[in-house]
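>>> all I have is the shape, not the residue letters:
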């Protein structure tokens, strides 16, 4: 049975938007629990890919990073699908590229929040870029539909 390319694009785009939202929700939990520095290194957490999750703050920060990674996977998959199957539809290609660029910037600023010791300016930019990531992912999902 052949792959329904349009449907696959729609599914990964919607998952990208849903996981972007989930990342914001979990990020708010990180902030609320003051768990932002529970993993003081990046991209590892306490020197491990999967740290000891017995500490609630470490668990919440790790879940935030994991959900963010899934967001990245779905948004990258959307971009790849757009480039491979929908090159002639410049709107979806351009929006997917812009959305992924916002995400990459967001990831960089997320790393900087850790290395800056949660400097409030960096944290504020991280939140703003998280909102922009969600908005751009939603736009891509809606356009794909």
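Great, that's in hand. This one's a predicted model, so the numbers in the text were calculated from it and none came from an experiment.
>>> what about the helices in the protein?
5-32, 56-85, 90-115, 120-144 (DSSP state H).
>>> contacting residues for the closest residue in space to residue 81 that isn't next to it in sequence?
For residue 81, ignoring the flanking residues on the chain, the nearest one in space by C-beta to C-beta, 6 or more residues apart in numbering is residue 9 at 4.5 Å. Glycine gets a C-beta too; all of them are placed from N, C-alpha and C. Each residue near residue 9 by C-beta atoms under 8 Å, 6 or more residues apart in numbering is listed here: 78, 81-82, 85-86, 92, 144.
>>> which among those gets closest to residue 2?
residue 85 (12.0 Å; C-beta to C-beta).
>>> wait, isn't that closest one in contact with residue 7?
No. Counting by C-beta atoms under 8 Å, residue 85 does not reach residue 7; the two are 11.1 Å apart.
>>> comparing those two, which shows the higher neighbour count?
residue 85 (15 against 10; other C-beta atoms under 10 Å).
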